[in-house]
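Visitor: please find the sequence and the predicted model below.
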Amino acid sequence: MNNNHFQIWENCLSVIKDNVSPISYSTWFQPIVPLKLENEILTLQVPSHFFYEYLEEKYIDLLRKTLRKELGASAKLEYNVVMENNHMKDVKPLSVVVPGNNPANTKNRPVKNPFSQEEPSIKNPFVIPGIKKLQIDSQLNPDYTFANFIEGDCNRLARSAGWAVSENPGGTAFNPLVLYGDSGLGKTHLAQSIGLKAKELHPEKTVLYVSSQKFQTQFTEAIRNNNKNDFLHFYQMIDILIIDDIQELAGKEKTQNTFFHIFNHLHQSGKQLILTSDKAPIELKGMENRLLSRFKWGLSADLQNPDYETRVRILQQKAYKDGIILENDVIEYIATHVINNVRELEGALISLLAQSTLNKKELNLELAVEIIDKLVKNTKREISIDYIQKIVCDHFNMPVDLLQAKTRKREIVQARQIAMYFSKSMTKASLSTIGSQIGKKDHATVLHACKTVNNLIDTDRAFKTQIDEINKKLKM
Ligand SMILES: Nc1ncnc2c1ncn2[C@@H]1O[C@H](COP(=O)(O)OP(=O)(O)OP(=O)(O)O)[C@@H](O)[C@H]1O
């Protein structure tokens, strides 16, 4: 057997050693095993894709020069990614598609495990240009586009920040971009719009959408199969990482720790992170402080309940997309009565369509009143911030609009604080949503109000009695 490849690589190493730091040498070059030399092609075995990518990014010039010095101008380099651990075959962090296939038909293509031993040799891009990037199925829903996302006061900031991020991923101050708000208000839709748009504008970038639940399951599997490093490396290869419902990582310390490393790596390499959460970062419980502080590095933008006009426009757009014509009075009736979130709005429209088709009834206001009234009655009444304001003001015998007044009168300030306190404990609304609805205050004012009310409950018996009474009225 010809052992020339060992000698050639040995010679290369002695040059490389003089050109990189000792730590880089031992990290990135010592683990490489020369496999063969054929027709001036030296094949090197590297331990992972990440390793290969790193060599390509940082040391390609050095490798090229050194190899040409040894083998002449026609020298070529091939990599072979061989994992040492056989269990790796079972790990499927996500579907990875071999490049070169038709991107229009991702779903039907054979998928390959990115860490499998069966992975073909990866040729160096200076030998075969264009083969470097693996294509990853981004897991994006093609319907969740910006075009299908109706803009309103409730989502304007989040939408424009998202648009800016999709145009210049990793290059704006919005990194990470945290989208937060109550359920059904469009966080997933908007986060995916950013991913879709970024892919369209920057086809060379790798975009990945993953729910926190899936991330957690993959992580647990990776630990079970002793593949944590591959899991880590896989995520560190992504250019635009979208993680949905980040609050679900609460209390999962090990997953958070791994996510912390992924976050740092991506952020430091100028990659974009987009996170969604049902709460503002400041309110997330069960999350490591070092993660929370990183979430605050970029922009946190909230999605609020759509106002009446936005609800009307969303209904018009959904009806148009479904190819149905709805009279204005029907749209207005739905928009007036279904007010909690966009998902319920969609549900109402679907019920109406189903009833009209199945029972062959005309889709008119009469049918809308019948269906929507049933729906609204069946929906468990959620205590709203408006309702809390009304009960608190009734209790103190003051008109509700006084809570919105710019006054520091003690009774009004206290009623406002109590309304904020109950909104915090009885609704899922974020601090900033509560603040914006009660007196147009910011989240810090709401936080302060909650602390004040809690202190008074502990120290002032008469005050506590009032709070107990309001609490009873609210639950009646
Ligand atoms: N502004 C909008 N324009 C059009 N459709 C919207 C808008 N906001 C939300 N939707 C639609 O409402 C539905 C629910 O949205 P989505 O799943 O994104 O909400 P979410 O905030 O992620 O909810 P959850 O926290 O429960 O996951 C989706 O079908 C989405 O397309």
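Guide: Everything's here; your move.
Visitor: part of a strand, is K441?
Guide: No: counting by DSSP: H, G, I helix; E, B strand; the rest coil, K441 is not found in a strand; it is coil.
Visitor: ok, the closest residue to it other than its chain neighbours - contacts?
Guide: Nearest non-adjacent residue to K441, counting by C-beta to C-beta, 6 or more residues apart in numbering: G435, 4.1 Å away. In this view, the C-beta of every residue, glycine as well, is placed from N, C-alpha and C. The contact partners of G435, by C-beta atoms under 8 Å, 6 or more residues apart in numbering, come to M420, K441, D442, H443, T445, V446.
Visitor: who wins on neighbours among those residues?
Guide: Among the contacts of G435, the one with the most neighbours (other C-beta atoms under 10 Å) is M420, at 30 neighbours.
Visitor: in contact with it, which residues?
Guide: By C-beta under 8 Å, 6+ apart, M420 lies in contact with I434, G435, I438, K441, T445, V446, A449, C450, V453.
Visitor: can you do 10 Å?
Guide: 385, 388-389, 392, 403, 431, 434-435, 437-439, 441, 445-450, 452-453 (C-beta atoms under 10 Å, 6 or more residues apart in numbering).
Visitor: dihedrals phi and psi, V20?
Guide: Phi and psi for V20, reported as degrees, to the nearest 10, are phi -130, psi 170.
Visitor: any idea how far it is from the ligand?
Guide: The spacing between V20 and the ligand, counted by C-beta to the nearest ligand atom, to the nearest Å, is 46 Å.
Visitor: now do I223
Guide: If you go by C-beta to the nearest ligand atom, the gap between I223 and the ligand works out to 26 Å.
Visitor: pLDDT value on that residue, please?
Guide: With respect to pLDDT, I223 has a value of 91.
Visitor: can you report how many residues lie near it?
Guide: Neighbour tally, I223, other C-beta under 10 Å: 14.
Visitor: in this structure it contacts F231, no?
Guide: Yes: counting by C-beta atoms under 10 Å, I223 touches F231, with 8.3 Å between them.
Visitor: shared neighbours, the two?
Guide: Common neighbours of I223 and F231 (C-beta under 10 Å, 6+ apart) are T258.
Visitor: which helix or strand contains R408?
Guide: Here R408, judged by DSSP states H and E, is contained in no helix and no strand.
Visitor: that one: neighbour count?
Guide: Count around R408 with other C-beta under 10 Å applied: 7.
Visitor: what does A158 give?
Guide: With other C-beta under 10 Å as criterion, A158 counts 28.
Visitor: now it, nearest residue through space, not along the chain?
Guide: Excluding the flanking residues, the one nearest A158 by C-beta to C-beta, 6+ apart is A301, at 3.8 Å.
Visitor: just confirm the one you found is within a strand.
Guide: Yes: using three-state DSSP, the assignment for A301 is a strand.
Visitor: that one against W163, yeah?
Guide: No: judged on C-beta under 10 Å, A301 makes no contact with W163 at a distance of 11.6 Å.
Visitor: shared neighbours, these two?
Guide: L190.
Visitor: look up phi and psi at N80.
Guide: Dihedral angles (degrees, to the nearest 10) for N80: phi -130, psi 120.
Visitor: who does it bridge with?
Guide: Note on N80: beta-bridge partners by DSSP bridges are Q45.
Visitor: and T145, helix, strand or coil?
Guide: Once three-state DSSP is applied, T145 turns out coil.
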